[in-house]
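Student: Let me see the structure of the following:
(one chain, ligands or ions: 1)
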Amino acid sequence: MPSRETWATRMGFILAAVGSAVGLGNIWRFPFQAGAEGGAAFLFVYLGFIALIGFPAILVEFVIGRRTKRNPVGALKELGGDRWKYVGGIFVVTGFVLLSYYSVVAGWFFQYFITGLFEGYTATTPEELGAAFGAASSGTSALLAHAAFMIAVTGIIVAGIRSGIEIAVKVMVPGILFILLGLAAYGAFAIPEASQAYAYYLQPDFSVIAENWQTLLPAAAGQAFFTLSLGMGVMITYASYLGEDRNLAEDAAVIVSLDTFIAVLVGFVVFPFIFQAGADPTEVGPDAIFVSLAQAFATIPGGRLLGVVFFGMVVIAALSSAISILEMLASYLIDEFKWERPKAAAAAGLAVFVLGIPVTIDLVFLDLFDGLADSVLLVLGALLVVLFVGWVIPEDGLDELTTGVENIGSLGSIWLWAVRIPIAIVLVISLYLGATGYLEFLADDFLGWLNG
Ligand code: PHE
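Tutor: Next up, the predicted model:
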């Protein structure tokens with residue numbers, strides 16, 4: 001067997017992990033979750049979850065990956081025996097489900113990019129905007145865009161770690177950051193409604209948390225995992241290509257900070273446009289960003305260029321995330337079934353494409369898949385690996401955390417303690433709330449839809 005590839009540089013690993021973390025989660029999902037769950041109140045709970053849970057949890061995945069240098073299924077089997085390999089199996093299922101709708105949504109952004117490029121944004125009334133979104137989000141064009149996106153993702157994974165992923169993210173991640181900073185500056189100086197938007201986004205009304213904690217807590221926890229690509233073994237996979245000389249905690253801190261910075265920055269870009277378009281931020285759904293931004297781009301001077309830049313950037317961000325999921329799936333097929341990389345990537349890519357087809361037919365499948373992946377599977381996966389490292393292999397975990405490090409003082413034992421008890425408890429509560437919410441959705445909305 002050829003020796004396993006590794007990242008060429010530390011920067012390559014960090015950018016790949018940031019590229020995985022920064023994606024539709026930050027740009028599309030975050031604003032509508034925040035908008036629906038009280039704006040600033042959501043932001044504050046979310047930031048708390050990132051620091052107290054996201055950071056320790058990403059380290060859990062890093063230690064598993066670098067310790068074993070395997071795909072998530074093989075890694076858990078090696079460390080925990082046959083019983084734990086099924087947890088890896090959950091990751092594989094989650095990966096398929098998540099990437100299938102992720103790619104469809106990325107395809108919507110791709111179409112808005114193409115529209116800007118060739119026609120410009122012309123819809124301004126709610127009817128026109130809704131019709132444009134309807135045309136992009138379902139039917140043939142949605143299917144074609146989904147296919148195009150998956151072909152690009154598969155191509156990068158066929159090329160491999162160094163000449164595929166690492167080269168791609170070195171261009172993409174700095175580009176995303178640069179464009180977002182520019183758009184945020186534009187919002188601050190050129191959009192009169194910006195101050196109203198910032199107030200909604202930044203001044204928390206803590207009574208919202210007290211009243212809505214049952215939906216706000218799982219939404220914020222789910223978003224924290226989603227945005228950091230946690231709970232499905234992607235970070236295990238990326239860390240499996242790491243050398244022993246890296247300081248995992250330091251790399252994790254850089255990755256988490258950059259992802260969080262970008263998520264917060266997106267709020268500064270998106271909310272001014274939403275307020276300018278006169279949309280109600282609490283009413284926003286998965287379509288809001290398309291409707292309100294397309295309206296803004298149709299009316300403001302230079303809007304077409306801004307739109308092309310914005311939608312193009314989102315596609316790139318989605319691409320750098322999607323490759324991490326397909327890489328996880330492919331690494332499973334390569335390691336466990338000894339498939340060649342091109343075959344593994346193509347088979348996984350094709351399966352994801354097929355699974356995503358229903359989402360291009362009816363948006364109820366978006367809720368079905370997103371709810372399953374985000375409120376249930378990601379939290380379940382995160383809970384299980386956290387318990388695994390905290391209680392089953394604590395010595396290995398601690399040893400791996402301190403490999404390549406001079407001295408981290410008591411950080412290691414604090415980490416282990418946090419992982420064992422408080423984080424596990426928060427995850428159990430989030431999983432309970434998330435799963436109950438999802439069952440309600442199945443019983444009401446989905447059954448209702450099935451019954452026509
Ligand atoms: N973190 C990515 C985003 O924010 C999505 C993702 C989730 C990627 C899980 C990989 C694993 O868009």
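Student: C-alpha from now on. contacts and neighbour counts both.
Tutor: Fine.
Student: what's the burial count for the closest residue in space to residue 297 that isn't next to it in sequence?
Tutor: The spatially closest residue to residue 297, leaving aside those adjacent along the chain, is residue 303, at 4.0 Å (C-alpha to C-alpha, 6 or more residues apart in numbering). Residue 303 has 19 neighbouring residues, counting by other C-alpha atoms under 10 Å.
Student: Verify the stated contact: residue 303 with residue 293.
Tutor: No: if you go by C-alpha atoms under 8 Å, residue 303 and residue 293 don't touch, sitting 9.6 Å apart.
Student: hmm, which helix or strand of this protein has the shakiest average pLDDT?
Tutor: Lowest on mean pLDDT, DSSP states H and E among the helices and strands of the chain sits helix 30-36, with a mean of 81.
Student: any idea which element residue 212 lies in?
Tutor: Assignment of secondary structure by DSSP states H and E places residue 212 within helix 206-227.
Student: how about the host helix or strand of residue 92: buried residues?
Tutor: Assigned by DSSP H and E, residue 92 belongs to helix 82-118. Across helix 82-118, burial judged by 16 or more other C-alpha atoms under 10 Å covers 84-85, 87-92, 94-113, 115-117.
Student: Just the terminal-to-terminal distance for stretch 406-424.
Tutor: Start-to-end span of stretch 406-424 (C-alpha to C-alpha, to the nearest Å) is 29 Å.
Student: For it, the averaged confidence score.
Tutor: The average pLDDT for stretch 406-424 rounds to 88.
Student: just stretch 95-111 next, same as before
Tutor: Mean predicted lDDT for stretch 95-111 stands at 97.
Student: now stretch 384-403
Tutor: Here the average pLDDT along stretch 384-403 is 94.
Student: what's the first-to-last distance across it?
Tutor: With C-alpha to C-alpha as the measure, what separates the two termini of stretch 384-403 is 24 Å.
Student: Quick check: buried residues in that stretch?
Tutor: 384-390, 394, 396-398, 400-403.
Student: Tell me who's in contact with residue 28.
Tutor: 286, 289 (C-alpha atoms under 8 Å, 6 or more residues apart in numbering).
Student: how close does it get to residue 151?
Tutor: 22 Å.
Student: One more: residue 219?
Tutor: Applying C-alpha to C-alpha to residue 219 and residue 151 gives a distance of 31 Å.
Student: now residue 367
Tutor: From residue 367 over to residue 151 the distance is 24 Å, taken as C-alpha to C-alpha.
Student: Those two - which one has more neighbours?
Tutor: Neighbours around residue 367 and residue 151, counted as other C-alpha under 10 Å, are more numerous at residue 367. The numbers are 19 against 15.
Student: pLDDT wise, what is the more buried one at?
Tutor: At residue 367, pLDDT is 91.
Student: Which elements pack onto the host helix or strand of it?
Tutor: Residue 367 is part of helix 364-370 when elements are defined by DSSP H and E. Judged by 3 or more C-alpha pairs under 8 Å, 6 or more residues apart in numbering; DSSP states H and E, helix 364-370 is in contact with helix 82-118, helix 341-361.
Student: continuing past it, what's the next helix or strand?
Tutor: Helix 364-370 is succeeded, C-terminally, by helix 378-387 (DSSP H and E).
Student: The next helix-or-strand element following that next one versus helix 378-387: what angle between them?
Tutor: Of the helices and strands lying after helix 378-387 in sequence (DSSP H and E), the nearest is helix 394-402. Interaxial angle of helix 394-402 relative to helix 378-387 (axes from the mean of the first three to the mean of the last three C-alpha atoms, to 10 degrees): 100 degrees.
Student: how much does the helix or strand following helix 394-402 deviate in direction from helix 378-387?
Tutor: Later in the chain than helix 394-402, the nearest helix or strand by DSSP H and E is helix 411-420. Interaxial angle of helix 411-420 relative to helix 378-387 (the same axes, to 10 degrees): 130 degrees.
Student: which stretches of the stretch 151-300 of the chain form helices?
Tutor: Listed in chain order, the helices of the stretch 151-300 of the chain (DSSP state H, counting those that start in this stretch) span 167-190, 194-202, 206-227, 234-239, 248-276, 288-299.
Student: Can you check which of the ones you listed gets nearest to residue 440?
Tutor: helix 206-227 (12.4 Å; C-alpha to C-alpha).
Student: which residues sit against that closest one?
Tutor: Contacts for helix 206-227 (C-alpha under 8 Å, 6+ apart): 21-23, 25-26, 29-30, 33, 37-38, 41-42, 45-46, 49-50, 54, 231, 259, 374-375, 378-379, 430-431, 433-434.
Student: Correct me if wrong: residue 322 contacts residue 99.
Tutor: Yes: checked against C-alpha under 8 Å, the pair residue 322 and residue 99 is within contact range at 6.6 Å.
Student: and residue 174, how many neighbours?
Tutor: 12.
Student: how much space is there between it and residue 207?
Tutor: Here the criterion is C-alpha to C-alpha. By it, residue 174 lies 38 Å from residue 207.
Student: And for residue 226?
Tutor: For residue 226, the distance to residue 207 - C-alpha to C-alpha - is 26 Å.
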